[in-house]
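Undergrad: Output the structure for:
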Amino acid sequence: MPTIKEPSFLEKVNQYPKTTYIYHTKIEEQLAMHSHNKHQLTYIEGGAAYLKTNDNSYFLPARHYIWIPAGMEHFIELKSSITMIRNIYIPTHILNSNDFYSKMGIFPASNLVLEMILFTENWSGNIFKKEKNKFQYIKTLGNIIAEISKNPLPVVLPTTTNQRLSPILKYIHIHVDQLLLLQDVAKQFGFSSRSLSRIFRDNLDISFLQYVKLTRIIHSMEKLLQTEMSISEIAYASGYNSPATFSNTFYNLVKVRPVDFRKKNREISE
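TA: A predicted model of the protein is given here:
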């Protein structure tokens, strides 16, 4: 008698196009770049992660959730041990018409959204329309999110498959705590300053300096959430020569001060 092969995780998500699908796990499926036919809502407890798409890398801090539109290729990379990954997959046809659903974003989780996500913690697998209460609950969650999620996290790092640029980006991440000048990095990799500047613009659509600044801020966000380092220590470890410069740059990008970012995310994730 032939062995019946167990459907893969992605096959289960896509198996019934009209169902919602719930998947809570302490271990993230080690998936390569992939997509599925349903929208994805993901909330990660107790750790740091990145969402990788073909074009960008998105840092996911505590107390934030990811919205991934149906059909978008992506994978989630965990940067530390986590407590729980909560995934809710929602078929596109059950939601109200809203431009929100077509765009990827990372948003702060309000008390309402967080409580609604946690309410599903004992649900698992497909939820069919005949399970009226559960099905309507997920539909309502999807519609509420579109109405209240207005300000996505603005810190996004572009990515590239350009073989000349990839090792330079890696170098920037490794040496983020050091002085990174265009002319020095260009010389290190055998480019002129003008050539390297053009490669950044052509492949990432941002300047060398903008990329370094974003890398420093994301590095600092990880330190704020995962260490007990002081704000001054994090500033220097992220390549800034003064805590004031770091705080001002952080505020300009994230719209809160580093100390408030740490306090807010830690208070409501404990």
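Undergrad: List the contacts of whichever helix in the chain runs longest.
TA: Of all segments of type helix in the chain, defined using DSSP state H, the longest is helix 208-226. With contact meaning CB atoms under 8 Å, 6 or more residues apart in numbering, helix 208-226 is reached by 48, 59, 61-62, 79-80, 155-158, 169, 172-173, 176, 180, 182, 185, 196-197, 200, 204, 206, 229, 234-235, 237-240, 246, 249-250, 253-254, 258, 261-262, 265-266. For the C-beta atoms, the positions are set from N, CA and C on the backbone; glycine is no exception.
Undergrad: Would you list the buried entries among those residues?
TA: Listed as buried from the contacts of helix 208-226 are 48, 59, 61-62, 155-158, 169, 172, 176, 180, 182, 185, 196-197, 200, 204, 206, 234-235, 237-240, 246, 249-250, 253-254, 258, 261-262, 265; burial here means 16 or more other CB atoms under 10 Å.
Undergrad: Now, the residues you listed that are in strands?
TA: Phe59, Val156, Leu157, Pro158 (DSSP state E).
Undergrad: Helices of the stretch 151-270 of the chain, residue ranges please.
TA: With helices called from DSSP state H, counting those that start in this stretch, the stretch 151-270 of the chain shows them at 166-174, 182-188, 193-204, 208-226, 231-237, 243-254, 258-267.
Undergrad: how about these, which one is nearest Gln136?
TA: For these, proximity to Gln136 was assessed by CB to CB; helix 258-267 is nearest, at 31.5 Å.
Undergrad: what is the orientation angle of that closest one with helix 208-226?
TA: 40 degrees (axes from the mean of the first three to the mean of the last three CA atoms, to 10 degrees).
Undergrad: And what about Ser97, helix, strand or coil?
TA: Applying DSSP: H, G, I helix; E, B strand; the rest coil to Ser97 yields a three-state assignment of coil.
Undergrad: Which neighbouring elements make contact with the lowest-mean-pLDDT helix or strand in the chain?
TA: Within the chain, no helix or strand scores below helix 258-267, which has a mean of 83 by mean pLDDT, DSSP states H and E. Helix 258-267 sits against helix 208-226, helix 231-237, helix 243-254, with contacts defined as 3 or more CB pairs under 8 Å, 6 or more residues apart in numbering; DSSP states H and E.
Undergrad: quick one, what contacts Leu31?
TA: Going by CB under 8 Å, 6+ apart, Leu31 touches Phe9, Leu10, Phe75, Ile76.
Undergrad: same thing but 10 Å
TA: For Leu31, the contacting residues are Ser8, Phe9, Leu10, His74, Phe75, Ile76, by CB atoms under 10 Å, 6 or more residues apart in numbering.
Undergrad: And Ser110, by the same measure?
TA: Arg63, Tyr65, Met116, Ile144, Ile145, Ile148, Ser149, Ile268.
Undergrad: top of these by neighbour count?
TA: Ile145 (26 neighbours; other CB atoms under 10 Å).
Undergrad: Point out where this protein drops to low pLDDT.
TA: For the chain, applying pLDDT under 70 flags the ranges 1-6, 27-30, 80-81, 266-270.
Undergrad: Break it into its domains for me.
TA: Annotated domains of the chain cover 9-148, 161-267 [automatic domain parsing].
Undergrad: so how far is the last one from its chain's centroid?
TA: Relative to the chain's own centre, domain 161-267 is displaced by 17 Å; criterion: CA atoms, centre = their mean, to the nearest Å.
Undergrad: if we can go back for a sec, out of the contacts of Ser110, which is nearest to Ile106?
TA: Tyr65 (7.2 Å).
Undergrad: Surely that closest one is in a strand?
TA: Yes - assessed by three-state DSSP, Tyr65 belongs to a strand.
Undergrad: can you give me the strands for the stretch 1-150 of the chain?
TA: Applying DSSP state E, counting those that start in this stretch to the stretch 1-150 of the chain gives strands spanning 20-25, 38-45, 49-53, 56-60, 64-68, 74-78, 84-91, 105-108, 125-127.
Undergrad: Specify the angle between the second one and strand 74-78 in degrees.
TA: In other words, strand 38-45. Inter-element angle recorded for strand 38-45 and strand 74-78: 10 degrees (by the same axes, to 10 degrees).
Undergrad: hang on, the earlier thing: quick one: the ones in strands among the buried ones among the contacts of helix 208-226 as a markdown table, columns for distance to His24 too.
TA: Shown next, in a markdown table, are these (distance: CB to CB, whole Å):
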| residue | distance to His24 |
| --- | --- |
| Phe59 | 22 |
| Val156 | 27 |
| Leu157 | 28 |
| Pro158 | 31 |
